[in-house]
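[1] Show me how the following folds:
(2 chains)
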Amino acid sequence: MQNNNKHRLDNSPNISNKSDDDLMKAIKDGNKNAFKTLFNRHIDSIARFCAVKTANSHEASDIAQEIFVKVWKSADSYKPDNNFKSWIFTIARRHIIDRHRKKKLNQIPMESELISKKIDQQNTTIQTDHCPEIDFLKNLSEQNREIIALRIIENLSYKEIAKLTGITPLNLRQIVFRSLKKIQKEVKSDELSKTSDLD
Amino acid sequence: MSCQKLLTWIDQDNNHLDTDLPPELANHCQTCKDCRHDLQTLSMLKKAKSSLSPSDKDKNRLYKNCLNLINEENNQGSITTKISSIMNSILCNYKLTGSFALVLICFLLFYSAGYFASHEQANNNKKNISKPEVSYIKIHGTGKIIDQATKKAAEFSYQPYNIIELDNKKLQIENYAKLIFPDKGKIMITGNAELTILKNGFEVAKGTFKAEFQKQTKDFNILVPHARLVISGTVVEFNIGLQKAIIKLISGSAKIIPANLQQEPFIWEKGSVIHLKENELLKPEFLSKNNNNPPTQTSSDNSGFSNKSLDTSNSKTGFGNSAQ
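    Numbers count the residues shown, from 1 in each chain, chains lettered A, B, ... in the order given. You can find the predicted model right below:
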């Protein structure tokens, strides 16, 4: 029965029209076409999220590909509830946190000097030397960057983000407001310093 | 209190960056300074959104990498997955009673413990038999891989990891590279360098760069023109030129084996710097602690270094294949 489904999906010309849940069912049966469709559908979001959260665009693609391998491996545990996006972001978050933890364990004392990056999860800011595209987010903590990425860039609802992060929607709203204001302040001060340099 | 009309609009779950502003709000933003600033911030984020997305070429490479990783894992097929899937199918499909299931679990655990013990022993036996090491490394970053035999150069980039054979390959690193050796030892290099990669080390021809060594299971060998450095868990800064070399140990530990093998190896302390000039013999006195000025040294005795240039040739550096 499963094989028949798989065969049908393999040959289906409209595989790209299938919902994420249907694709996950097919992936469960080992369908690589479904995996490719799902990959193409979500790689942008995941790569962007990783880049903003880690503030390192070099590392982000590495992490994104590892996340998709996890998606393949965890297909059995996926419960179809029309919420694939939240599920994959949960995997992404946990994977990045695990990576940070492992990195911290393996870190030798001077690494911080070498890559100029602090990896404290909640309260510290990260230097964005490795990701100039988001230089204006440098004064935000990792958590705040993550929330901005999920809400403003990836368009997740506050409810979904609350589920992912464990922060109440009310607090999330405040964080988004404050972060946007902080970015504005940062951009303004950058502009001021540039003009004073010119003077 | 600043105007928050735009932010309030964004705050609603259905409205987001990709949605066009309603004409009313768009008009308001033209006249309201606060909202205009907010709009600017949002457009910056929109711009970042497009610039952070990987290119089609990168996506293809990432997808291929994913498939490779999946295939690798499928081929390995770990025993734990097998046990868990057997247990899962037994417990779910056949609905066995608790006690019988418990007996089965105990049996499987006992079996798997035995399996792991025998597997480990087999691995230990394998380690004792000195098999040749895999002669490739993984690399990503920016630079070129040059085949020294054919003189052909291929560029390597950030994604995905490039796998390169070690034989006869020279690396020209520009700004940044991460190397992963078969024993999972990692080196992060920042700066510009010209290296010849060896099985458990590299030889530096020239360059100014910082190298951070992580996770080595074995001592790591770096050949510089006047010595072999044996490194473990270390950050080292190199400035190797045609006339002189300055090497600084920032953290970790290192042992130096002078190129002149009659000299005793000596330990390199954290914070110390080695200054070397062409035709000079490396001596412990050359280590200056936290000092950027080269120590005064006049010796240039003939210790096998005469006419030595800083090229990568093993015959000239006098190391042969010692690092391998």
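
[2] Please count neighbours and contacts with C-alpha atoms only from this point.
    Noted.

[3] quick one, strands of the stretch 1-150 of chain B?
    In the stretch 1-150 of chain B, the segments counted as strands under DSSP state E, counting those that start in this stretch are B:136-147.

[4] Contact residues of it facing chain A?
    Residues of the stretch 1-150 of chain B lying near chain A by Cα under 8 Å from any Cα of the partner chain: B:7, B:11, B:13-14, B:16-17, B:37-38, B:41, B:45-46, B:48-49, B:51-54, B:59, B:62-63, B:65-67, B:69-70.

[5] Give me the ChimeraX select line for those residues, limited to the buried ones.
    The ChimeraX selection below is limited to those of the residues of the stretch 1-150 of chain B next to chain A classed as buried (16 or more other Cα atoms under 10 Å in any protein chain shown):
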select /B:7,11,16,17,37,38,41,45,48,49,52,53,54,59,62,63,65,66,67,70
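
[6] shouldn't residue B:142 be in contact with residue B:178?
    No - using Cα atoms under 8 Å, residue B:142 is not in contact with residue B:178; the gap is 9.3 Å.

[7] buried sites along whichever helix in chain A runs longest?
    In chain A, assigned by DSSP state H, the helix with the most residues is helix A:169-198. Judged by neighbour count using 16+ other Cα under 10 Å, the buried positions of helix A:169-198 are A:169, A:172-173, A:175-177, A:179-180, A:182-187.

[8] With respect to pLDDT, which of these ranks lowest?
    Among these, residue A:187 has the lowest pLDDT, at 78.

[9] Residue A:84 - nearest residue in space that isn't next to it in sequence?
    Leaving aside its chain neighbours, residue A:84 sits nearest to residue A:20 (6.3 Å; criterion: Cα to Cα, 6 or more residues apart in numbering or on different chains).

[10] dump the residue contacts of that neighbour.
    Counting by Cα atoms under 8 Å, 6 or more residues apart in numbering or on different chains, residue A:20 touches A:38, A:82, A:84.

[11] Neighbours of the first one, how many?
    Applying other Cα atoms under 10 Å in any protein chain shown, we find 22 residues neighbouring residue A:38.

[12] Let's see the pLDDT reported for it.
    92.

[13] wait, doesn't residue B:252 sit right on residue B:214?
    No - if you go by Cα under 8 Å, residue B:252 and residue B:214 don't touch, sitting 10.2 Å apart.

[14] Helices - which of the contacts of residue A:20 land there?
    Those of the contacts of residue A:20 lying in helices (DSSP H): A:38, A:84.

[15] Can you give me the pLDDT of residue 130?
    Reading this off chain A. For residue A:130, pLDDT reads 57.

[16] ah, I was thinking of chain B
    Looking at residue B:130, its pLDDT is 34.

[17] what do you get for the one 5 residues further on?
    Among the per-residue scores, residue B:135 shows a pLDDT of 63.

[18] ok, now residue A:166?
    Looking at residue A:166, its pLDDT stands at 90.

[19] same check, this time on residue B:59
    So residue B:59 comes in at 87 (pLDDT).

[20] Over to the one 3 residues further on?
    Turning to residue B:62, the model gives it a pLDDT of 87.

[21] Kindly report the same for residue A:96.
    If you check residue A:96, the pLDDT there is 90.

[22] right, and it touches residue A:63 too?
    Yes - assessed by Cα under 8 Å, residue A:96 is found in contact with residue A:63 at 7.4 Å.

[23] who touches both of these two?
    What both residue A:96 and residue A:63 touch, as defined by Cα under 8 Å, 6+ apart, is the set residue A:50.

[24] Write out the residues of chain A neighbouring chain B.
    By Cα under 8 Å from any Cα, the residues of chain A that approach chain B are A:36, A:39-40, A:43-45, A:47-48, A:51, A:57-58, A:61-62, A:65-66, A:68-69, A:72, A:106-111, A:114, A:133-134, A:152-153, A:155-158, A:173, A:177, A:180-181, A:183-184.

[25] From those residues, list the buried ones, please.
    A:36, A:39-40, A:43-45, A:47-48, A:51, A:57-58, A:61-62, A:65-66, A:68-69, A:72, A:107-108, A:110-111, A:133-134, A:152-153, A:155-158, A:173, A:177, A:180, A:183-184.

[26] excluding its backbone neighbours, what's nearest residue A:72?
    residue A:27 (6.9 Å).

[27] and if you look at residue B:175?
    residue B:191 (4.4 Å).

[28] is it true that the one you found lies in a strand?
    Yes - the assignment for residue B:191 (DSSP: H, G, I helix; E, B strand; the rest coil) places it in a strand.

[29] Just the pLDDT at the residue positioned nearest the centre of chain A, thanks.
    Chain A has residue A:49 as the residue nearest its centroid, 2.7 Å off, counting by Cα atoms, centre = their mean. Looking at residue A:49, its pLDDT is 91.

[30] now the one 4 residues further on
    Here, the pLDDT recorded for residue A:53 equals 87.

[31] before we move on, what about the one 3 residues further on?
    The predicted local confidence for residue A:56 comes out at a pLDDT of 79.

[32] likewise the one 3 residues further on?
    Reading off the per-residue confidence, residue A:59 sits at a pLDDT of 79.

[33] how near is it to residue B:141?
    As judged by Cα to Cα, to the nearest Å, residue A:59 and residue B:141 stand 10 Å apart.

[34] of these two, who's got more company?
    Legend: neighbour count by other Cα under 10 Å for residue A:59 and residue B:141, higher for residue B:141 (24 against 17).

[35] secondary structure element for the residue nearest to residue A:72?
    helix A:20-28 (DSSP states H and E).

[36] Could I get the contacting residues of residue B:54?
    A:44, A:47, A:61 are the contacts of residue B:54 under Cα under 8 Å, 6+ apart.

[37] Please, which helix or strand holds the first one?
    Using DSSP H and E, residue A:44 maps to helix A:32-54.

[38] Following element in sequence after that helix, please.
    By DSSP H and E, the next helix or strand past helix A:32-54 is helix A:57-73.

[39] where does that next one sit relative to the chain's centre, distance-wise?
    Centroid separation for helix A:57-73 versus its chain: 10 Å, with Cα atoms, centre = their mean, to the nearest Å.

[40] Now do that helix: everything it contacts.
    By Cα under 8 Å, 6+ apart, the residues outside helix A:57-73 that reach it are A:27-28, A:35, A:39, A:43, A:46-48, A:50-51, A:54, A:88, A:91-92, A:95-96, A:130-131, B:52, B:54, B:62-63, B:65-67, B:69-70, B:158-160.
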